[in-house]
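Chemist: Structure for this input, please:
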Amino acid sequence: LVLFSLATLTNQKIWPKQYLSLSSGSVILSSSQVVESASCSIYVLDPARDLGMPACNYADTAIWPHALKKTGLGGSTVPLQHWEYQYAVHLWLEEAVIDNGARTDRLSRADLIFVNMHCYETWRAGKWWQTYKEGVKNGVDPELYRVQAMEFLRSWPQWRQSNGSRFVVAPFNPALPEKTLDAQRPCSSSPFIITSEHTMLCEQKLEAHAQQGLILPYVTDTHQEGFEPLAATRDTLLFYRGGCSPSSSSDPSGPLYSSGKLLRRAVVDAIQASNATDVDVQCGCDICPKALPHSEVLARMRASRYCLALPGDRQASRRGTEAALSGCIPVIVGPPWHTLVLADEIDHAASSVFISVRHVTWVVANTSLARSDNHPSVLTAWYLDTDLPPGQMLHVDTLDEVVDVLRALPPKVLAAKQAALAREAYKQYWLPAPGETKSQLGEIVVKKLCDHAQTLKDRGIILPHPTPLQGRKLLAE
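Modeler: The predicted model follows:
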């Protein structure tokens, strides 16, 4: 049973929807409008309810301590609710299924089965805090529950008959242990994969993305009643905050860091050396001592025209989405490249700036000392998730030129990108845009899932569901 206060939700200004009902393992955030039926039916499978596995009690500090104390998770300076966690995508996927009229309560009538692992993803964050911050160790392993659930589901006839293609899985956290990732999206089968970056997919080629699933944004807490990209108060030219590798001049451990973290350090050092007075670019991770509070990070984004979105330990982060939802034009510098979410739905070329640097110094040239995430091969492995139209990629020789390139962009280019951002930004947000009743992102996701279901129907993998006879209950029900 999930224990938390609905009043806590409804009293928070940052969550404007009406929170009306519960689902085992998660909170369901349902609005009161009439919902039209989707073109497919999706059963949201809860491992606790449907498989008899352990459930999450969010009043238990061993499960989710972050709501009861200021742990600083995600840079928050206030207690963080489990549905605000940046990896809480399972919960919001369930909400999207409900809001868009796709949920069925009968497994036998489902076209697709979404495996909701929100409980174990959040429990994982609680376990991390309990073990590494409070020194409390026990034998409970939420990763094991996730693996066991998937091993059991692979024995189901729905999995075996469809080779997993009727199942929707979301191995979203790029820090998942390899065993958990392999169990949740076994590449010997064909589940529909919802994830945060293409390195988590089975087939790495760009043209194979759409056939495997969706790359979605992190959950963000940029709770705003809209934004004005053209606001005259955007006095800062360029903003950035994020964890970096140590300065190579002061710390010899730099090669122990990922290429993304090395790139961040190189960008920050180059821009700070320019002595520009209208930039606010520094290293500083969300949970590091003296970190800028996350609320202040977002406020500074809202006061900036451009915001850097750079890869870090992994290709994905929430910075690109936060920038877009703050009305700050994302600046993607590479290689390697930051993830572009929903690249076939969002016009990133129109709403972002892309800068390719020819002289790369942020990989470990001595390959015998390199790791997979800072080896020169990462420059091609962390590729852009879209093919940009001609002229959209700006080229520089070194990072010293980045600020000058941005400053030289004509006002009409800036205005066009701000206008595109206003059109595109809410496609990355799990709540409705101001004045709307449903999340644009949720609508996109459910449509993609129903398109996948239709493909399976066309191939004869999903057969027509029998219509129950009035007055009789089918055994399968």
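Chemist: Can you show me the strands along the stretch 201-350 of the chain?
Modeler: 213-215, 236-242, 279-283, 304-309, 329-334 (DSSP state E, counting those that start in this stretch).
Chemist: list the helices and strands the second one packs on?
Modeler: Based on contacts counted as 3 or more C-beta pairs under 8 Å, 6 or more residues apart in numbering; DSSP states H and E, the elements that strand 236-242 packs against are helix 259-273, strand 279-283, helix 294-302, strand 304-309, helix 402-408. From N, CA and C alone the C-beta is placed, and that goes for glycine too.
Chemist: Give the pairing partners of the second one; include direction for each.
Modeler: Which is strand 279-283. Under the criterion DSSP bridges, strand 279-283 sits next to strand 236-242 (parallel) in its sheet.
Chemist: For the partner strand, list every residue counted as buried.
Modeler: Thr236, Leu237, Leu238, Phe239, Tyr240, Arg241, Gly242 (16 or more other C-beta atoms under 10 Å).
Chemist: Max pairwise distance over these: which two?
Modeler: Leu237 and Gly242 (17.6 Å; C-beta to C-beta).
Chemist: what's the weakest-modelled helix or strand in this protein?
Modeler: Comparing helices and strands within the chain by mean pLDDT, DSSP states H and E singles out helix 6-10 as the least confident, with a mean of 32.
Chemist: I'd like the strands of the stretch 201-350 of the chain as CSV, with mean pLDDT and distance to Pro432 appended.
Modeler: Formatted as CSV, the strands of the stretch 201-350 of the chain follow (pLDDT from 0 to 100; distance: least, C-beta to C-beta, whole Å):
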stretch, mean pLDDT, distance to Pro432
strand 213-215, 98, 20
strand 236-242, 97, 27
strand 279-283, 96, 31
strand 304-309, 97, 24
strand 329-334, 98, 22
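Chemist: Check whether Cys307 really touches Ile332, as I assumed.
Modeler: No - using C-beta atoms under 8 Å, Cys307 makes no contact with Ile332, being 10.4 Å away.
Chemist: The two: which has the busier surroundings?
Modeler: Cys307 (28 against 22; other C-beta atoms under 10 Å).
Chemist: and the closest residue to Arg407 other than its chain neighbours, what does it touch?
Modeler: For Arg407, ignoring the flanking residues on the chain, the nearest one in space by C-beta to C-beta, 6 or more residues apart in numbering is Leu237 at 6.6 Å. With contacts defined as C-beta atoms under 8 Å, 6 or more residues apart in numbering, Leu237 is in contact with Ala276, Asp278, Val279, Ser304, Arg305, Tyr306, Val403, Leu406, Arg407.
Chemist: rerun at 6 Å
Modeler: Asp278, Val279, Arg305 (C-beta atoms under 6 Å, 6 or more residues apart in numbering).
Chemist: Only the buried members of those: can you turn that into a PyMOL selection?
Modeler: Buried members of the contacts of Leu237, defined by 16+ other C-beta under 10 Å, are picked up in PyMOL with:
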select buried, resi 279+305
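Chemist: Nearest to Arg109 among the contacts of Leu237?
Modeler: Among these, and counting by C-beta to C-beta, the member closest to Arg109 is Arg305, at 50.7 Å.
Chemist: I'd say that closest one and Leu238 touch.
Modeler: No - under the contact definition of C-beta atoms under 6 Å, Arg305 does not touch Leu238, with a separation of 7.5 Å.
Chemist: Alpha carbons of the top helix by length along the chain, as CSV, please.
Modeler: The residue-count maximum for a helix in the chain (DSSP state H) belongs to helix 440-458. This file holds the C-alpha atoms of helix 440-458, laid out as CSV (Å, rounded to 0.1, in the frame of the first residue of the first chain):
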residue,chain,number,x,y,z
GLN,A,440,1.5,17.4,-24.7
LEU,A,441,4.2,14.9,-23.8
GLY,A,442,1.7,12.4,-22.5
GLU,A,443,-0.4,12.7,-25.6
ILE,A,444,2.7,12.1,-27.8
VAL,A,445,3.7,9.1,-25.8
VAL,A,446,0.3,7.4,-25.8
LYS,A,447,-0.1,8.0,-29.6
LYS,A,448,3.3,6.4,-30.2
LEU,A,449,2.3,3.4,-28.0
CYS,A,450,-1.0,3.1,-29.9
ASP,A,451,0.9,3.3,-33.2
HIS,A,452,3.1,0.4,-32.0
ALA,A,453,0.0,-1.6,-31.0
GLN,A,454,-1.5,-1.0,-34.5
THR,A,455,1.7,-2.3,-36.1
LEU,A,456,1.4,-5.4,-34.0
LYS,A,457,-2.2,-5.8,-35.0
ASP,A,458,-1.3,-5.4,-38.7
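Chemist: Done for today, thanks.
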